[in-house]
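Asks: Make a model of this:
(one chain, ligands or ions: 1)
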Amino acid sequence: MPLTLLWVVSPSTEVCSGFGVTESLVSRSTSNGRSKRMSKKQESWNAWTFNVAKHQKRTGFPVLSSMVANPTGEMAVLSSEQRVYDVVLKQAALVNRELRSRDDLDLDVKPDIAVPGTLSLLTEAYDRCSEVCAEYAKTFYLGTQLMTPAKRKAIWAIYVWCRRTDELVDGPNASHITPTALDRWEARLEDLFRGRPFDMLDAALSDTVTKFPIDIQPFKDMIEGMRTDLRKSRYKNFDELYLYCYYVAGTVGLMSVPVMGIAPESKASTESVYNAALALGIANQLTNILRDVGEDARRGRVYLPQDELAQAGLSDEDIFAGRVTEKWRTFMKKQIKRARMFFDQAENGVSELSAASRWPVWASLLLYRQILDEIEANDYNNFTKRAYVSKGKKLLALPIAYARSIVPPRSTTNLVKV
Ligand SMILES: CC(C)=CCC/C(C)=C/CC/C(C)=C/CC/C(C)=C/[C@@H]1[C@@H](COP(=O)(O)OP(=O)(O)O)[C@]1(C)CC/C=C(\C)CC/C=C(\C)CCC=C(C)C
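Replies: So this is what the prediction gives:
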């Protein structure tokens, strides 16, 4: 199994297993009319500037000032949040287009097109994805059992692609991974979106993206996150860190929601649900970073924003020394507060998802959020103590997640953006 996970495509070998090229898919991922896109950008800018002001007022956390100060609406300097918001709008527009072209508002799946010989191969491909998922993410796998068969297969295929991508830079072969290898992985991604998968696990994702309105951009962006990990081990400010968190985790939210679907009775705008999904990815990754400070430092990595460390009177040396001081506690409290804000923002969106998808999302949210409580319980010693949620607490979170998942979508039209 790990062998398959770590298999990076060789440039000279091209295997096409013939699962049918889908023209519509190719055009779907590339057909944004330019003028339309420009006006969308303008629109998103206006919404964005408004949100930035709100965000700063409500949270006390600054957003890159050069962007807010731009009075003409020109896109000369984009903050990371603005760049990411554009991807959110693009993915939401794709889903909205698909919604308009279908009667079924739950965006349920397109039927299988029976090409002789391919269906059994596809079944096998999805079975392999299910096995990988069951082995690497047991609780989450359990949660997917509540979804419709088509949706859970698609989520497994996305999970496996994400896991394999992450393994490239985080797995046992990571030291051999070069930017060229990531370029090949990206070429392979483009091929699978064109209906030319390289191997069986790719074939499952290739099939999934023909059935659900999934844009290629979040997948490319996740690969960009892996490139970032190869070349960078420090983050100047939160803006840089935000972009990294989007790349490696926010993207997962944007990939998953087109499959999970928004509840037909939801009144929330598609963009607001995608924003919540993005927020959950960011919250998870920030939590991951706060939990792993010591472990990352031992690998020479400091993900925490350098400017915020300096403002707190801290430096890389303090992190390498691993001393829990008052300065460190104060700094950590602020970081935890910010991660919780992203969780809060995400929570608003979970109830808007289709009924069967809410439970696994609530479960993953509650479990990951609790890691922040554990960091506090460890008196902010994230240098030598790994914050983890005990089995008992995990088990307790599952019925709580279930109780929350039966709450139907809210009746308001838009979700609150932090
Ligand atoms: C239901 C559900 C949670 C669906 C997502 C399934 C999916 C496709 C997961 C892929 C996860 C993955 C392998 C990502 C690769 C990059 C990575 C490793 C990111 C980190 C995850 C934690 O991984 P790790 O295994 O290293 O963790 P531990 O060390 O074992 O703790 C991340 C921190 C981020 C993962 C991000 C998400 C799960 C985002 C989830 C967001 C949604 C599902 C959107 C929900 C929708 C709304 C409206 C809120």
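Asks: Quick check: which ranges of the stretch 101-250 of the chain have low pLDDT?
Replies: For the stretch 101-250 of the chain, the stretches flagged by pLDDT under 70 are 102-119.
Asks: and the stretch 51-200 of the chain, which residues reach the ligand?
Replies: Residues of the stretch 51-200 of the chain lying close to the ligand by CB under 6 Å from any ligand atom are 140, 155, 158-159, 162-163, 166. All C-beta atoms are positioned from the backbone trio N, CA, C, and that covers glycine.
Asks: Those into JSON lines, with extra columns for secondary structure and neighbour count?
Replies: JSON lines is the format used below for these (DSSP: H, G, I helix; E, B strand; the rest coil; neighbours: other CB atoms under 10 Å):
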{"residue": "140", "secondary structure": "helix", "neighbour count": "18"}
{"residue": "155", "secondary structure": "helix", "neighbour count": "25"}
{"residue": "158", "secondary structure": "helix", "neighbour count": "25"}
{"residue": "159", "secondary structure": "helix", "neighbour count": "23"}
{"residue": "162", "secondary structure": "helix", "neighbour count": "20"}
{"residue": "163", "secondary structure": "helix", "neighbour count": "18"}
{"residue": "166", "secondary structure": "helix", "neighbour count": "18"}
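Asks: which residues of the stretch 251-400 of the chain fall in strands?
Replies: Along the stretch 251-400 of the chain, the segments classed as strands by DSSP state E, counting those that start in this stretch run 302-305.
Asks: Low-confidence bits of it, can you list those?
Replies: The stretch 251-400 of the chain contains no residues with pLDDT under 70.
Asks: Now stretch 358-374: buried residues?
Replies: Counting neighbours by 16 or more other CB atoms under 10 Å, one finds that the buried residues in stretch 358-374 are 358-372, 374.
Asks: How about stretch 315-332?
Replies: Residues of stretch 315-332 classed as buried under the neighbour-count rule (16+ other CB under 10 Å) are 318-319, 324, 328, 331-332.
Asks: Narrow those residues to those in helices?
Replies: Taking DSSP state H, the ones among the buried residues of stretch 315-332 that sit in helices are 318-319, 328, 331-332.
Asks: Kindly indicate which of the residues you listed lies nearest the ligand.
Replies: Distances from these to the ligand were compared by CB to the nearest ligand atom; the smallest belongs to residue 332, at 18.2 Å.
Asks: show me the contacts for the closest residue in space to that closest one that isn't next to it in sequence.
Replies: For residue 332, the nearest residue in space outside its immediate sequence neighbours is residue 380; the separation is 4.4 Å by CB to CB, 6 or more residues apart in numbering. The neighbours of residue 380, taking CB atoms under 8 Å, 6 or more residues apart in numbering as the test, are 324, 328-329, 332-333.
Asks: go again using 7 Å as the cut-off
Replies: Each residue near residue 380 by CB atoms under 7 Å, 6 or more residues apart in numbering is listed here: 324, 328-329, 332.
Asks: same check, this time on residue 157
Replies: Contacts here follow CB under 7 Å, 6+ apart; on that basis residue 157 touches 126, 129, 204-205, 208.
Asks: How about residue 266?
Replies: Taking CB under 7 Å, 6+ apart as the contact definition, residue 266 lies against 352, 409.
Asks: for it, phi and psi?
Replies: Summarising the backbone geometry of residue 266 under the convention degrees, to the nearest 10, its torsions are phi -70, psi 140.
Asks: Equivalent analysis for residue 171, please.
Replies: Geometry field for residue 171 lists phi and psi as phi -90, psi -170, criterion degrees, to the nearest 10.
Asks: coming back round to it: right, and out of the buried residues of stretch 315-332, which lies closest to residue 133?
Replies: Of all those, residue 133 sits closest to residue 332, with 33.0 Å by CB to CB.
Asks: Distance of that closest one relative to residue 294?
Replies: As defined by CB to CB, to the nearest Å, residue 332 lies at a distance of 12 Å from residue 294.
Asks: try residue 341
Replies: Counting by CB to CB, the gap from residue 341 to residue 294 is 24 Å.
Asks: before we move on, what about residue 169?
Replies: Note on residue 169: its distance to residue 294, by CB to CB, is 20 Å.
Asks: Between the two, tell me which one has more neighbours.
Replies: In this comparison of residue 169 against residue 294, neighbours counted by other CB atoms under 10 Å, the higher total goes to residue 169 at 20 against 16.
Asks: surely the more buried one meets residue 226?
Replies: Yes. Counting by CB atoms under 7 Å, residue 169 touches residue 226, with 4.6 Å between them.
Asks: Make TSV out of the buried residues of stretch 315-332 and add distance to residue 86.
Replies: What follows is these, written out as TSV (distance: CB to CB, whole Å):
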residue	distance to residue 86
318	37
319	33
324	40
328	36
331	32
332	32
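Asks: Let me have these in CSV, adding distance to the ligand as columns.
Replies: Putting those into CSV (distance: CB to the nearest ligand atom, whole Å) gives the following:
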residue, distance to the ligand
318, 24
319, 19
324, 22
328, 22
331, 21
332, 18
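Asks: Out of these, the closest to residue 175 would be?
Replies: The nearest one, if we look at the buried residues of stretch 315-332 relative to residue 175 and count by CB to CB, is residue 319, at 23.0 Å.
Asks: Excluding chain neighbours, what is closest to that closest one?
Replies: Closest residue to residue 319 in three dimensions, ignoring its sequence neighbours and counting by CB to CB, 6+ apart: residue 297, at 5.0 Å.
Asks: Equivalent analysis for residue 325, please.
Replies: Spatial nearest neighbour of residue 325, chain neighbours left out: residue 318 (7.5 Å); criterion: CB to CB, 6+ apart.
Asks: Are any of the contacts of residue 157 buried, and if so which?
Replies: 126, 129, 204-205, 208.
Asks: Name the nearest of the residues you listed relative to residue 231.
Replies: Among the buried ones among the contacts of residue 157, residue 205 lies closest to residue 231 (CB to CB), at 26.4 Å.
Asks: what about that closest one, which helix or strand?
Replies: In this assignment (DSSP states H and E), residue 205 forms part of helix 200-211.
Asks: in that helix, what's buried?
Replies: Buried residues in helix 200-211, counted by 16+ other CB under 10 Å: 200-211.
Asks: need those in a markdown table with distance to residue 389, can you?
Replies: Below are the buried residues of helix 200-211 laid out as a markdown table (distance: CB to CB, whole Å):
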| residue | distance to residue 389 |
| --- | --- |
| 200 | 34 |
| 201 | 29 |
| 202 | 33 |
| 203 | 35 |
| 204 | 30 |
| 205 | 30 |
| 206 | 35 |
| 207 | 35 |
| 208 | 30 |
| 209 | 33 |
| 210 | 37 |
| 211 | 34 |
